[in-house]
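S.K.: Sequence and predicted structure, then a few things I'm wondering about:
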Amino acid sequence: MSVTYTERGTGSAIADFLAEKAQVLSIAAFFALCVLFFSIATDVFLTPGNLLNILRQAAPILIVAVAMTFVIITAGIDLSVGSQVALINASAALTLAAGVPWPLVVVAMLALGALIGLGQGWFVAYQGIPAFIVTLAGLSILRGAALYMTQGYSIPIQDAPGFFWLGRGTIAGIPVPALIALSIAAIGGIVISRQLYGRRVVAVGSNPEAARRVGMPAKWTIASVYMLTGIASAIAGLLIAARLGSGSSNAAVGFELQVIAAVVLGGTSLFGGRGSLLGTVLGTLTIAVIGNGLILMHISPFFTQIVTGTIILVAIWLNTRIFTANFSFRRKV
């Protein structure tokens, strides 16, 4: 009996590209629509001052969202980032008020953030406690610590012009926080796509047991991504303190929702193993544009929380549909 073999037809290059970049293309289109809508709805949205203000306000979210992308690629989650930002924000203000030079404060806060993140990562990776539980506990503990340190009061920062420049300064007309955030996003994109560490993060997120069996330090990789969110939260907390000129335990309330919304909206899979830093940047800018645009339209800022929650729900629904249903632009035969 003879058997006839046939070659599988090659797929369309355009269809392959669209399927691979579906999430990024969709958030790019949604971002463009938001910009177009608010440009028409308000007269000041596209003014240089407002656009720079959007970049400045989005910077802390983007910085933490880049680190959160690494966490979610490993199929984890960090609900404590808002509380970490508040703790660093308050600690920096108290330390500066005590007369410690601001460069030392910056280094100390980065170290504190790394330690907090690594501590949570240790519980997740080496003790096997679900990330949701660990970081939910961290959310409460760290916010409580910030409240205890400040007794609920705002701590003013004085006589620190170099520190204030980090949050208020500009280089070539671009806000310093925006430049820091975009630099971190670029570094994150290079690491996740071209560096060994990034490949390990993706491999662990795809199949941690397989990664461990081929000799990858799976547990350390998981722990390390929480250290990244700790460092990123420290940077965000410092920038917020520098911009506002004060530290408060009430800083960054609801911050974690905006960060998670930005990452998921950008196309990072909640099931692990896949993510896009470009999508995270677009997701962050979309969240910032919506918040800014609603304020310019004189809509209650509290409505932004409703919009953010809706975005999270829709993004997760699309995330689930695309990454679990053999999504394809090709016609099925």
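M.R.: That came through fine.
S.K.: Tell me the predicted confidence for residue 145.
M.R.: Looking at residue 145, its pLDDT stands at 96.
S.K.: tell me which element the nearest residue to it once chain neighbours are set aside is part of?
M.R.: Nearest residue to residue 145, sequence neighbours excluded (C-beta to C-beta, 6 or more residues apart in numbering): residue 87, at 5.8 Å. (Each C-beta comes from the backbone N, C-alpha and C, glycine too.) Secondary structure from DSSP states H and E places residue 87 in helix 81-97.
S.K.: What average pLDDT does that helix get?
M.R.: For helix 81-97, the per-residue pLDDT averages 96.
S.K.: Work out the gap between that helix and the centre of the chain.
M.R.: Put simply, helix 81-97 sits 19 Å off its chain's centre (C-alpha atoms, centre = their mean, to the nearest Å).
S.K.: And stretch 219-236, by the same measure?
M.R.: Using C-alpha atoms, centre = their mean, the offset of stretch 219-236 from its chain centre is 12 Å.
S.K.: buried residues in that stretch?
M.R.: 219, 221-236 (16 or more other C-beta atoms under 10 Å).
S.K.: In helices, which of the residues you listed appear?
M.R.: 219, 221-236 (DSSP state H).
S.K.: Show me the helices in the stretch 201-333 of the chain, by range?
M.R.: Secondary structure of the stretch 201-333 of the chain (DSSP state H, counting those that start in this stretch): helices at 208-213, 218-244, 255-265, 277-296, 303-324.
S.K.: Report the angle between the helix holding residue 87 and helix 218-244.
M.R.: Angle between the axes of helix 81-97 and helix 218-244 is 50 degrees (criterion: axes from the mean of the first three to the mean of the last three C-alpha atoms, to 10 degrees).
S.K.: Packing partners of helix 81-97?
M.R.: Here helix 81-97 touches helix 48-73, helix 102-125, helix 131-150, strand 155-156, helix 218-244, strand 246-247, helix 255-265, going by 3 or more C-beta pairs under 8 Å, 6 or more residues apart in numbering; DSSP states H and E.
S.K.: show me what contacts the residue nearest to residue 145?
M.R.: Neighbouring residues of residue 87 by C-beta atoms under 8 Å, 6 or more residues apart in numbering: 116, 142, 143, 145, 146, 149, 237, 249.
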